[in-house]
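J.: Show me the folded form of this:
(3 chains, ligands or ions: 3)
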Amino acid sequence: MSKQASHLARGIIQGKEKALAKGLTMVENRNDGYRELLDEIYSEVKNCPIWGLTGAPGVGKSTITNYLVDSLAKSGERIGVIAVDPTSPFSGGAILGDRVRMMDLAGKEGIFIRSMASRGALGGLSPAIMDAVSLYQAFGVDRILVETVGVGQSETDIVALADTVTVIMMPGTGDDVQTIKAGLLEIGNIFVVNKADLQGAETLTGLLQSMLSSKNSPDDWAPPVLKLIASTGQNLDKLLGEMHRHQDFLKKSNQREEKEKMRNEMALKMHLQARFQDLFLGPLLGTSEWEQAVKSIGRRERSPAYWAEKMITGSD
Amino acid sequence: MKDKDRQEKIQENLKKWREGPFSKFQQRGWSEAYTSYREPVKEIYTPLDAPDEEYLDKSGFPGQYPFVRGVYPTMYRGRPWTMRQYAGFASAEESNRRYRYLLEQGQTGLSVAFDLPTQIGMDSDHPLADGEVGKVGVPIDSLADMEVLFDQIPLDKVSTSMTINSPAAVLLAMYIALAEKQGVAPEKLKGTIQNDILKEYFARGTYIFPPGPSLRLITDIFAYCSKELPNWNTISISGYHIREAGANAVQELAFTLADGIAYVKAALEAGLKVDEFAPRLSFFFNAQMNLLEEVAKFRAARRLWARIMEEKFGAENPKSKMLRFHTQTAGASLTAQQAKNNIVRVTIQALAAVLGGTQSLHTNSYDEAWALPSEESVRIALRTQQIIAHESGATSTVDPLGGSYYVESLTDDIEKRVEEYLEKIEEMGGMVKAIEKGYVQREIQKSAYEMQKRIEREEDVVVGVNRFAHEEAAPDDLLEVDPEMEKEQIKKLEKARKNRDEKEVKEALEQLKKTAQEEENLMPAIIEAVKAYATLGEICDVLRSIYGEYQAPTF
Amino acid sequence: MAQNKIRVLIAKPGLDGHDRGAKVLAQALRDAGMEVIYTGLRRTPDQIVSAAIQEDVQVVGLSSLSGAHNNLFQKVANLLQEKGYEDVLLIGGGIIPEKDRKQLEKAGFDRIFSPGTSTEDIVEYIKDKVNE
Ligand code: B12
Ligand SMILES: Nc1nc2c(ncn2[C@@H]2O[C@H](COP(=O)(O)OP(=O)(O)OP(=O)(O)O)[C@@H](O)[C@H]2O)c(=O)[nH]1
Ligand SMILES: [Mg+2]
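T.: Ligands and ions are numbered 1, 2, ... in the order given. As a prediction, the model looks like this:
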């Protein structure tokens, strides 16, 4: 048992900010001891609502998050924020910019903000983010807000992670219809047209409403569409209201447990995938068989599919 | 010979030359050359690049549309440019002393640098002003400080430029109030306020309010001055800072002109007539190292603006179409290493400004990368201008580089590329949108980063930094601002607050608040407030309470 | 498999608006594989230190070109110390006169970089120090 992990686990459970910060680094980096850390805090993990905010770059996710956190904290809640930004595929580095919008919150009692890079996770959310949620829940927060960039497949992940997903859009991006088609309609519990001070907000809102009404929702929740001006705070209280309303809806319709189960399965799956990679893929990389396979594929002798099967089962 | 035949002949000979002597010599040695906007420069330019038959249409004569060759018919033979060194530090007293020194040394206009709290609309005792008061400019809290700043400087004799943006209306109001005290009529006042908020959002950083109300403040100033201060330049639409933030020459022009277009549109929307305010619009550009490209940039700027004003906005008064500009040499090109080399750099840049037809000029000091200029370094900078004006012969004729095949071709090329940017910005819905989307910031950041990397890879040479380096001590006699000045300033502020009539201040601020919530012009209310010795911070706080504060997009 | 990344906070304390250097540096660090949290303009020492702690960065970098560094840099160094974060690599840059630089390097700063420094050198420096 790693001493550092136990030490951090204790600190996190006692609500020590520094321990949480260090613990988050440990799980994010998959450093020695991270499994022990997770395991040790796990019995202290207390469920709390998780709100996800997603949308294209620059639509105002951080501005909205900033407002929500500020007003929730004012009502006495302890809030954890996870703000995810994409990792550069070229260098593996990242510029984590969400905090700029939230600097006013820095240092305020009961607010903990952590920026995380997607680090090449396919769906935008890495297993580390799932684990970060657990650490927050052991540390003791009343609510977790997760901001993710709505590109690629992150939509599907955010559904698995969050109880309430708010999809944010803005007018004038020129490809409104396209972004709507891209699957966002399926995942949102609440839709926001931000930057209503700009031209085209009306049209976009109308478009969204008609698209949403034409699709029959699987449950009794009809996703509302809200028009906001996040930069001046206009209608943000309404958004907060809708988020609470959705939370109550989940509770009443017993969907919280369902969500919880989905989240747990997702976490288990992600950990298994990572372990499989470490155990099976890792040792294969760079072996002579690997090199042979790459050459053979290059010469168009046998397909990657063939080689994968051969490397796993040893037979043709 | 007909034009066409002649052109074919040149073409033919050029081809022969290129394949013959040129390519033979090229094998002995040849280096690539690029413009600042990364276009390859050709090995030679010929009449094919600048055909004579386009002359009347594209160039014409100085003082005439499209003003490529200059805005005035006589240019420097009539009157030299205004020599104007940007200065201000520590306190109103110190800065007043520096201004009078500069005027004695032959400077012909004043240029006021304010400290950061002033530029961001904070009084010197604001918690965030701690340690910043008087550091990089003069602190002005109230009219009382202005009185000291211009002590013994008659406002009807000097032209004053003030680098103030978000709170420009307040400082202008103080200037007007001060003139009244000196017994100078407003119509006699000559000078400029920078008043260019858009570039603050993406290049300079001293913003307060969001774009909407900021534009209203600006158009209120336009409207007020068109009636009361006919000789005042109501705005200085600035590319200088854009370039310093890392833009190339084309971006500098494109973003500046796009800002200009946004201001004109805002003024028209506010109900002003184009020929009422456009003659008082002025510009501010950078003079970088690439001498000939910079000259071409200035020429292109004039033609572009003339056409925009005529074709897009239907201006009729020729003055509305004249792009008059101030120039500052490029601080970002000056190095901490071997600081005296900077004198040479500044000379080349200043020459570019003069050959480009500037109306006024600030030359940077050799200690630029160390501190605010010392008395000695600023004197040499001023002397540099005086040498160019009186000894170099660069002023003997108007636009001496007009007709250079290379410069004409660059002028066209820059113009074309700027137009492309302008179209793109228009498509995005104008400059405010482009800024809010972070587009402008990203373009500049890309340029700045590539520039840095080229220096690090030694593709771009910076003498004394990545080539020809040697160890050298810092320049001596650097200017230092006494940290005690801050306490002094706070005392002065307290005194000014004590000496005023609180009731009068309160009423003036109430009135200002009311005006800000309605549509009426803000200038009269601001003037009343400053006359009552309301402080800059108090006035800006009233406006903050109604307009809110700008949040920059992330990068 | 461990996936360590160097995390850096680049901050602009005070009213200074010169952000060209800070942003160029942030991008250079990102391109060197680091995760960079950039705070934007006009930050207080309190905000900077609290962000540094929550983000658990190994490096805090301050940039100042408008002469208020003595006051602000010192406050950040003190706060970090107070909160038990003296093991963080604390660096700075901008227009910092030589005597101030020496003073700050005595008072908690690992190093202050001046104009003309190559960002590659800064990357190397950070990598060396963090991996020490
Ligand atoms: C460019 C510039 C501007 C641009 C800024 C554009 C922008 N968005 O950044 C503009 C034109 C807007 C500007 C405005 C002003 N400026 Co100015 N500006 C400069 C200039 C010429 C170059 C700075 C620069 O960007 N260099 C290029 C970058 C890449 O280098 P750098 O920032 O130095 O960064 C390098 C190193 O210092 C180091 N570094 C920097 N930060 C950090 C951080 C870390 C963590 C590390 C490790 C390293 C590091 O690494 C970088 C790479 O080498 C300097 C003088 C000079 N030559 O240095 C004056 C200078 C800084 N400005 C000055 C002044 C006074 C102003 C104003 C306040 C004037 C006024 N009164 O209005 C205004 C207001 C600006 C504001 N809002 O704060 C003074 C400051 C004097 C002082 N400190 O005593 C200077 C020194 C000029 C002078 N001698 O008068 N300026
Ligand atoms: N005009 C207008 N601008 C807004 C509004 N809300 C936010 N913004 C601005 O939009 C820009 C982007 O806002 P952010 O909150 O950083 O957006 P984001 O979605 O978090 O961006 P990324 O995290 O980079 O994807 C900022 O400049 C905000 O000030 C709004 O309602 N109207
Ligand atoms: Mg964001």
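
J.: so where do the strands sit in chain C?
T.: Assigned by DSSP state E, chain C shows strands spanning C:7-11, C:35-38, C:59-64, C:89-94, C:111-113.

J.: Now A:R256: closest residue in space, sequence neighbours ignored.
T.: Closest residue to A:R256 apart from its sequence neighbours, by CB to CB, 6 or more residues apart in numbering or on different chains: A:L250 at 4.8 Å. Backbone N, C-alpha and C define where each C-beta goes, glycine included.

J.: In which helix or strand does that neighbour reside?
T.: With the criterion set as DSSP states H and E, the secondary-structure element containing A:L250 is helix A:236-252.

J.: And the residue of chain B that's closest to chain A?
T.: Shortest chain B-to-chain A distance, computed as CB to the nearest CB: residue-wise this is B:T554, at 3.5 Å.

J.: For A:D157, find the nearest of the strands of chain C.
T.: Closest of those to A:D157 is strand C:35-38, at 19.9 Å (criterion: CB to CB).

J.: Quickly check: the closest one near chain B or not.
T.: Yes - Strand C:35-38 comes into contact with chain B when judged by CB under 8 Å from any CB of the partner chain, the residues involved being C:Y38.

J.: Is that strand positioned near ligand 2?
T.: No - with CB under 6 Å from any ligand atom as the criterion, ligand 2 is not reached by strand C:35-38; the gap is at least 11.7 Å.

J.: could you dump stretch B:166-174 to CSV, C-alpha only?
T.: Extracted C-alpha coordinates of stretch B:166-174, given in CSV (Å, rounded to 0.1, in the frame of the first residue of the first chain):
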residue,chain,number,x,y,z
SER,B,166,-12.0,53.7,-22.2
PRO,B,167,-12.2,56.9,-20.1
ALA,B,168,-11.3,59.2,-23.0
ALA,B,169,-14.5,61.3,-22.5
VAL,B,170,-13.4,62.0,-18.9
LEU,B,171,-9.9,63.2,-19.7
LEU,B,172,-11.2,65.2,-22.6
ALA,B,173,-13.7,66.8,-20.3
MET,B,174,-10.9,67.7,-17.9
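
J.: hmm, who's touching it?
T.: Applying CB atoms under 8 Å, 6 or more residues apart in numbering or on different chains, the contact partners of stretch B:166-174 are B:114, B:118-121, B:140, B:142-143, B:146, B:162, B:164, B:193-195, B:197, B:200, B:206-209, B:214, B:217-218, B:220-221, B:232, B:522-523, B:526-527, B:529-530, B:536, B:539-540.

J.: After the helix or strand bottoming out on mean pLDDT in chain A, which helix or strand is next?
T.: Taking mean pLDDT, DSSP states H and E as the measure, chain A has helix A:176-179 as its least confident helix or strand, at a mean of 57. Where DSSP H and E defines the elements, the next helix or strand beyond helix A:176-179 is helix A:185-187.

J.: Just to be sure, B:F283 is in a helix?
T.: No - the assignment for B:F283 (DSSP: H, G, I helix; E, B strand; the rest coil) gives strand, which keeps it out of a helix.

J.: My guess is it contacts B:Q328. True?
T.: No - taking contact to mean CB atoms under 8 Å, the distance of 11.9 Å between B:F283 and B:Q328 leaves them out of contact.

J.: Quickly note the distance from the residue most central in space within chain B to B:T192.
T.: With the centre of chain B defined as its mean C-alpha position, the nearest residue by CA atoms, centre = their mean is B:F284, 2.8 Å away. B:F284 sits 9 Å away from B:T192, taking CB to CB, to the nearest Å as the criterion.

J.: Which residues are in contact with each of those two?
T.: Applying CB under 8 Å, 6+ apart, one finds that B:F284 and B:T192 are jointly contacted by B:236, B:326.

J.: Quick check: which ranges of the chain have low pLDDT?
T.: Since no chain was named, I'll use chain A. Within chain A, the stretches falling below the threshold (pLDDT under 70) are A:1, A:120-125, A:150-156, A:173-182, A:215-219, A:316.

J.: that answer is for a different chain, and I need it for chain B
T.: Short version for chain B, where the test is pLDDT under 70: B:1.

J.: How about the residues of chain C by ligand 2?
T.: With CB under 6 Å from any ligand atom as the criterion, chain C does not come near ligand 2 at any residue.

J.: Mind telling me which residue is nearest the centre of chain C?
T.: Judging by CA atoms, centre = their mean, chain C has its centre closest to C:G61, at 0.6 Å.

J.: ok, back up a step: quick one: the residue of chain B closest to chain A and A:R101 touch, right?
T.: Yes - the pair formed by B:T554 and A:R101 meets the contact definition of CB under 8 Å, at 6.4 Å.

J.: out of the two, which sits in the busier spot?
T.: In this comparison of B:T554 against A:R101, neighbours counted by other CB atoms under 10 Å in any protein chain shown, the higher total goes to A:R101 at 24 against 20.

J.: and the more buried one, what is it in contact with?
T.: A:R101 sits next to A:62-63, A:65-66, B:551, B:554 when contact means CB under 8 Å, 6+ apart.

J.: count of neighbours near the closest residue to ligand 2 within the stretch 251-400 of chain B?
T.: Nearest to ligand 2 in the stretch 251-400 of chain B, going by CB to the nearest ligand atom, is B:A262, at a distance of 14.8 Å. A count of nearby residues for B:A262, using other CB under 10 Å, gives 23.

J.: In terms of helix, strand or coil, where does it fall?
T.: Relying on three-state DSSP, one would call B:A262 helix.

J.: how about the nearest residue to it, chain neighbours excluded?
T.: Using CB to CB, 6+ apart and skipping the chain neighbours, the partner closest in space to B:A262 is B:M431 (4.3 Å).

J.: burial of the spatially closest residue to B:F325 that is not a sequence neighbour, as a residue count?
T.: When the adjacent residues along the chain are set aside, B:F325 lies closest to B:F283, with 3.9 Å between them (CB to CB, 6+ apart). Other residues near B:F283 come to 28 when the count uses other CB under 10 Å.
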